[in-house]
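# 3D, please:
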Amino acid sequence: MLTLFFLLPLLSLVAADFSLSSMDSTVAASSSTAIPIPFEDDGNSPKFSEISSTKVLLCTGSNSDINCLATVVTFTPTASQTSVDVNLVPYLGLGSNGPYFFQFYSVATAGGFTIHYSPRISLTGMTGTLKATDGGDTTPPDSQVDVVGAGSDANGNDPDSLTMGQVAYTAQTGRTRYAPMQMQPPTKVTHPLKATRRMPTSSVSYFTAYQSKPYAVTTVTPSWSYTILQGPNWAPTQSQPTGYYAASEALKRKINAKSRRGYEEL
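Coordinates of the predicted model:
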């Protein structure tokens, strides 16, 4: 029996809608018995009722070179559902024996999607020629998330309160941080002309050794909640100039004495 450990985040590294289970390290893909993948709704938004569909894809490869071979099942989770069955027999010819993992792609009814990857398992009974590999990676690939109205982040922070400045940017942690809305400048400069810092400087640290994967920090800045009035230049048209004259009359040429006699300065 395959027990699958996975999660579906709602924002980058945020709370998930699926509660996770452990999984066996080796699974016989050629088994005629469907493999159940157990899960439960953890109560965080979006709930199972807020997901329109979830696709489970069979993948192999490293974290930086993911190769998803086929969609093995598509389902819509319900509040009472505790597992989904996967039959890998039709996909035995897609690759060789070796490490594989599952990609979970969910579409939220409010808009957006969530992607997460299960830990790797070793499949036996595969008959294909494509070599299954993990590229030396032992952890699943990072999640990719873009969901509308996702709720709290991984640290329990509400993105709405973060963007409203209730939690200072420098006090936030995690790979996703929320900055205040950028405001339009006023029509007049009221601040002193001497430049000063409005926010404290942030610290910087450097890796002392090569890392297996990058650690990226994403800053989310909300869009303007107001509309900038735009239009043509409303200033009245100025009258055309008067007193036209020929271009040759703009400047009178002055001829010096040497030029009159045909001399040239060398």
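
# And the next helix or strand past the helix or strand of the chain with the lowest mean pLDDT?
In the chain, the helix or strand scored least confidently by mean pLDDT, DSSP states H and E is helix 159-163, which has a mean of 48. Using DSSP states H and E, the next helix or strand after helix 159-163 towards the C-terminus is strand 176-178.

# Run me through the strand neighbours of that next one, direction for each.
Strand 176-178 pairs in its sheet with strand 218-220 (parallel), by DSSP bridges.

# Can you list the buried residues in the strand it pairs with?
Buried residues in strand 218-220, counted by 16 or more other CB atoms under 10 Å: none are found. For every residue, glycine as well, the C-beta is placed using N, CA and C.

# One more: stretch 121-140?
Within stretch 121-140, the residues that count as buried by 16+ other CB under 10 Å are I121, L123, M126, A132, T133, D134, D137, P140.

# The last one touches F104, doesn't it?
No - with contacts counted by CB atoms under 8 Å, P140 stays clear of F104, the gap being 10.6 Å.

# which neighbours do the two share?
Residues within reach of P140 and of F104 at once, by CB atoms under 8 Å, 6 or more residues apart in numbering, are H116, Y117, S118.

# Check the gap between the closest residue in space to the second one that isn't next to it in sequence and Y169 for me.
Think Y117. Once flanking residues are discounted, Y117 sits nearest to P140: 4.1 Å by CB to CB, 6 or more residues apart in numbering. Going from P140 to Y169 by CB to CB, to the nearest Å gives 29 Å.

# what do you get for S96?
Plainly put, S96 is 48 Å away from Y169 if you go by CB to CB.

# What of L69?
Distance from L69 to Y169, by CB to CB: 42 Å.

# Same drill for the two, tell me which one is more crowded.
L69 (18 against 15; other CB atoms under 10 Å).

# how many other residues sit next to T237?
6.

# what do you get for the one 3 residues further on?
By the other CB under 10 Å criterion, the neighbourhood of Q240 contains 6 residues.

# now swap in W234 and tell me
5.

# buried stuff in stretch 73-88?
So, applying 16+ other CB under 10 Å, buried residues of stretch 73-88: V73, P77, V84, V86, L88.

# Pull up the distance across that stretch, start to finish.
One end of stretch 73-88 sits 10 Å from the other (CA to CA, to the nearest Å).

# show me where pLDDT drops low in the stretch 101-250 of the chain?
Across the stretch 101-250 of the chain, residues meeting the criterion (pLDDT under 70) sit at 145-167, 172-175, 182-186, 189, 191-192, 211-216, 224-230, 243-250.

# mind running it again at 80?
Applying pLDDT under 80 to the stretch 101-250 of the chain picks out residues 110-116, 142-205, 207, 209-235, 237-250.

# Pretty sure Y105 sits against F113.
Yes - with contact defined as CB under 8 Å, Y105 counts as touching F113 (6.5 Å).

# need the contact list for F102.
Shown in contact with F102 (CB under 8 Å, 6+ apart): L4, F6, I37, V56, L57, L58, C59, V72, Y117, S118.
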